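**Q** got a predicted model here, sequence first, then my questions.
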Amino acid sequence: MQAYIDQLIRDGYFAGAPKEVVYAVAMVLTAFVVLSVFVAPLAGVTSWLERRVWARMQSRVGPNRVGPQGILQWLADGIKNLLKEDLIPSAADAKLFSLAPYVVFMGFLCTFVVIPFGSELIVADLNIGILYILAVTSLVVVGILMAGWASNNKWSLLGGMRSAAQIVSYEIPAGLSVLTIVFLAGTMSMQGIIRAQGWAPWDWFLFNNPFTFAAFFLYFTAALAEGNRTPFDIPEAESELVAGSDTEYSGMRFLFFFFAEWGNLYVIGAVATTLFLGGWQVPPITSDPILLGVLQFVVFFLKAYLWVFIAMWVRATLPRVRVDQLMALCWKYMVPLSFICLLGTITWMLVFPKGSQIFSVAMFVLGLLIVGYF
């Protein structure tokens, strides 16, 4: 995108305007287009699909009235929440209370700046892309804490405190799992990580060595916990805290929290696909740039959305863990295992500087056998 803007500047389309201003405006407009055309429908359709998946797994029907098979239910729910009264409790801190949902949403939306949907389909290929994602997603903690404290409600405050402790704790195993891939790829650029892999499954970092194989599951589990997803949804445990930090919210502000949660499912899958599953890499079957771009986008989207379905499956299957179990899982098991994966990957790189193709193929075959068994 930057090269395209540079070409427009050379052609005289922005005569007299500072280059930095042109870049900033272009990025804002691109983010708006992404929000309007892709992110908003993605989160909405994900909410509908999740309800349908739960229903099927629990021998129910699910939403089936608005549109074919209820596919427009998310749109009806969005309009309903938009038309509802926006209430602010009299004892709440009105400014922070009003701002909190947008901080949460911003932490989710900003991740799409560096997610590579194709070799050319990315807003900004930052050389610290994965570090940027880990940083901006931390805004969600700030927003949830703001919502919990500003609501002046004990359930909201408890939910915010739980969320902060949970997300800060699980950042450690998630970050260490990501670091194993950074060492292998030699870069923190999201595009660079994908280009360090191949289109064949045995060329993915997932099957590079046994430590990256384990790191993938550690990352996915930690990402579910950071996203407050079942079985780690204790910040909004309905049976204990009403709705946690969201308790006092209504209307569109209430929806923004869940909007970010559903959209964050795709972010989790997209980051996992980038780091471990070869990203947008496709077989060299065409040289047409448009067809290649479409094919890369479809492959990346399907890989990422597979893990969205897995997260839905987990939520429909597993019960919520207790707070003490949640923290014990992180500090007693996942943190030590993530350190082992990191040190093991470094050792593997010293023993096999160019990797082991035979081992990668064997790991891929073993993975197929495990999937086939289950």
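**A** Sure thing, it's come through. Residues are numbered from 1 along each chain as shown.

**Q** contacts for stretch 165-181?
**A** Residues outside stretch 165-181 that contact it (C-beta atoms under 8 Å, 6 or more residues apart in numbering): 130, 134, 138, 140-141, 193, 205, 211-212, 215-216, 218-219, 221-223, 225-226, 228, 232, 234-235, 275-276, 326-327, 330-331, 334-335, 337-339, 341-342, 345. The C-beta positions use only the backbone N, C-alpha and C, and glycine is treated the same way.

**Q** please identify the buried residues of it?
**A** Within stretch 165-181, the residues that count as buried by 16 or more other C-beta atoms under 10 Å are 165-167, 169-181.

**Q** what of stretch 256-266?
**A** For stretch 256-266, by 16+ other C-beta under 10 Å, it's 256, 257, 259, 260, 261, 262, 263, 264, 265, 266.

**Q** could you give the mean pLDDT of that stretch?
**A** For stretch 256-266, the mean per-residue pLDDT is 84.

**Q** contacts for it?
**A** 39-40, 42-44, 46-47, 50, 101-102, 104-105, 107-109, 140, 147, 227-229, 245-246, 249, 304-305, 308, 311-312.

**Q** of the buried residues of stretch 256-266, closest to residue 297?
**A** Ranked by distance to residue 297 (C-beta to C-beta), the buried residues of stretch 256-266 are led by residue 266 at 13.3 Å.

**Q** can you tell me the SS state at that closest one?
**A** Taking DSSP: H, G, I helix; E, B strand; the rest coil as the rule, one finds residue 266 in the helix state.

**Q** buried among the contacts of stretch 165-181? Make that a ChimeraX selection.
**A** To isolate the buried members of those in ChimeraX, using 16+ other C-beta under 10 Å:
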select :130,134,140,141,193,205,211,212,215,216,218,219,221,222,223,225,226,228,232,234,235,275,276,326,327,330,334,335,337,338,341,342,345
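
**Q** out of the buried residues of stretch 256-266, who's nearest residue 73?
**A** residue 262 (12.9 Å).

**Q** three-state assignment of that closest one?
**A** Classification of residue 262 using three-state DSSP returns helix.

**Q** what does residue 249 give?
**A** Counting by three-state DSSP, the backbone at residue 249 sits in coil.

**Q** and it, how close does it get to residue 96?
**A** 13 Å (C-beta to C-beta, to the nearest Å).

**Q** more crowded one of those two?
**A** Remark: of residue 249 and residue 96, residue 249 carries more neighbours, 24 against 16, as counted by other C-beta atoms under 10 Å.

**Q** and stretch 112-122, what's its mean pLDDT?
**A** 87.

**Q** can you give me the end-to-end span of it?
**A** Using C-alpha to C-alpha, to the nearest Å, the end-to-end distance of stretch 112-122 comes out at 8 Å.

**Q** list the buried ones in it?
**A** 112, 113, 114, 115, 116, 117, 118, 119, 120, 122.

**Q** of these, which is the nearest to residue 300?
**A** Distances from residue 300 to these, taken by C-beta to C-beta, are shortest for residue 117, at 5.4 Å.

**Q** would you confirm that that closest one contacts residue 295?
**A** No - assessed by C-beta atoms under 8 Å, residue 117 is found out of contact with residue 295, at 11.5 Å.

**Q** same for the helix or strand containing residue 296, what does it pack against?
**A** Using DSSP states H and E, the element containing residue 296 is helix 289-317. Other elements packing on helix 289-317 under the criterion 3 or more C-beta pairs under 8 Å, 6 or more residues apart in numbering; DSSP states H and E are helix 40-57, helix 210-226, helix 251-276.

**Q** what's the weakest-modelled helix or strand in the chain?
**A** When the helices and strands of the chain are scored by mean pLDDT, DSSP states H and E, helix 2-10 comes last with a mean of 60.

**Q** which one is the residue positioned nearest the centre of the chain nearest to, not counting chain neighbours?
**A** Nearest to the centroid of the C-alpha atoms of the chain, with distances taken as C-alpha atoms, centre = their mean, sits residue 267, at 2.2 Å. Leaving aside its chain neighbours, residue 267 sits nearest to residue 111 (5.0 Å; criterion: C-beta to C-beta, 6 or more residues apart in numbering).
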